[in-house]
Structures are given as C-alpha cells and as structure tokens.
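Engineer: my questions concern the predicted model and sequence given below.
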Amino acid sequence: MQQQIATAPAAWQLRAQAATARVAAWAAAERGRFALWLPVLMAAGVAGYFTLTVEPPAWASAVALVLCLGLGGLAGYRPWLRAPCWAAAAVALGFGSAQLATARAPPLVEVPSRAAIVTGTVRMVEQLPQGRRVLLEQPSLDGGAALPRAVRVRLRAGDEVAVATGDTLRVRALLMRPAPPA
C-alpha cells in the first residue's frame, strides 16, 4: 500500500512534465506568430459576448482586461503563466469591443404596424428591375417623430414620380424593422 501512494505523485509529475514539454514545443513552433492568434482570441471574446442572455455591467470587460494585463506583467519570465494571461487579455479586449459597439448602436425605434407618412431628404436613388429604391436621410414620421436611421423606400415601376438626390420626399410607406442578425 505504501508503494502505491509513493508512485502516484511520481506519475502525476511525469504527466505534468510531459504536458509542459508539449506546450514548450508548441510555443517554440509558434514563436514569431503569436500576433496571428490575436484576432482569433478577440473573436472568441466577441462570440462570448453575443452568447450572453443579459447585458453585463459596462465596467466588467475593462476590469477583466486590466486584471489580465496586470497579471501578465507580474508573471515576468514564466511563459506558462504569462501566455494564458495575455490570451485572456485578448479575449477580454474582444468582449469589450463588442460591448462598446452594442452601447454605441442607436436605440431601436418602435415603428408603426400600419402604413405611415414618411418625410425625408433623398440621399440616393437606385434603379431596380422592379422600380426604384430611394434612401431617405433624416426621416420623420407623420406625427413628427424623427427616426434615428436612414430609411430605404422602394418605389414601384408604375410610380412616375421624378426623384433626384437632395429632394424632399413625402411618401406613404409600410415600415419594417431591420431583419435580426443571422
């Protein structure tokens, strides 16, 4: 019984040494290419953010980033400790960039469920096989409510309205929210 207890730590130490040797071999093979892992780790942070069902506090990603960078700086010349800290910092950076992009996005506006009168300045007119598509900037609804985003309106082929860039257009349209992300 004593012999089994004495060999168990030795087996664990051998496995740990083998794992350390594999990590060291991988690090030697990747030397000079670690910067290529930055977008991969940041994408993992972005994906992690968008899998959440609730919005995390605004300070969470900044604290995680500072903590990971601080621990990575304190790790010194111990690559087995420093590398995971830098990797976690890259993940936190991606998480924070997704959180910042979400915070900067304009709020979603409740659009009427029925046709409404939309007034705006024509920014662009596109010719389509089924008619024309007009992009209205600074659009407002008939009640005076301003929309925060530009609105695309499709005019049918039979509509003989002369529209040019810079004109003010007032049209009755059925508004729909943008499609959710795929």
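Structural biologist: That came through, no problem.
Engineer: identify the residue nearest Val109 in space, chain neighbours excluded?
Structural biologist: The spatial neighbour of Val109 that comes closest, neighbours along the chain excluded (CB to CB, 6 or more residues apart in numbering), is Leu147 at 5.8 Å. For every residue, glycine as well, the C-beta is placed using N, CA and C.
Engineer: counting neighbours, what do you get for that neighbour?
Structural biologist: 18 (other CB atoms under 10 Å).
Engineer: cool, and Ala90?
Structural biologist: Neighbours around Ala90, by other CB under 10 Å: 20.
Engineer: what of Ala60?
Structural biologist: 14.
Engineer: again, but for Arg104
Structural biologist: For Arg104, using other CB under 10 Å, the count is 7.
Engineer: ok, the one 4 residues further on next?
Structural biologist: In terms of burial, Leu108 registers 10 neighbours under the definition other CB under 10 Å.
Engineer: same thing with Val118?
Structural biologist: When counting by other CB under 10 Å, one arrives at 22 neighbours for Val118.
Engineer: picking that back up, now the residue nearest to Val109: how far from Ala173?
Structural biologist: For Leu147, the distance to Ala173 (CB to CB, to the nearest Å) stands at 12 Å.
Engineer: now do stretch 118-135: distance to the chain's middle.
Structural biologist: In terms of CA atoms, centre = their mean, to the nearest Å, the centre of stretch 118-135 is found 30 Å from the chain centre.
Engineer: for the host helix or strand of Arg15, name the packing helices and strands.
Structural biologist: Under the criterion of DSSP states H and E, Arg15 resides in helix 2-30. Judged by 3 or more CB pairs under 8 Å, 6 or more residues apart in numbering; DSSP states H and E, the packing partners of helix 2-30 are helix 79-104.
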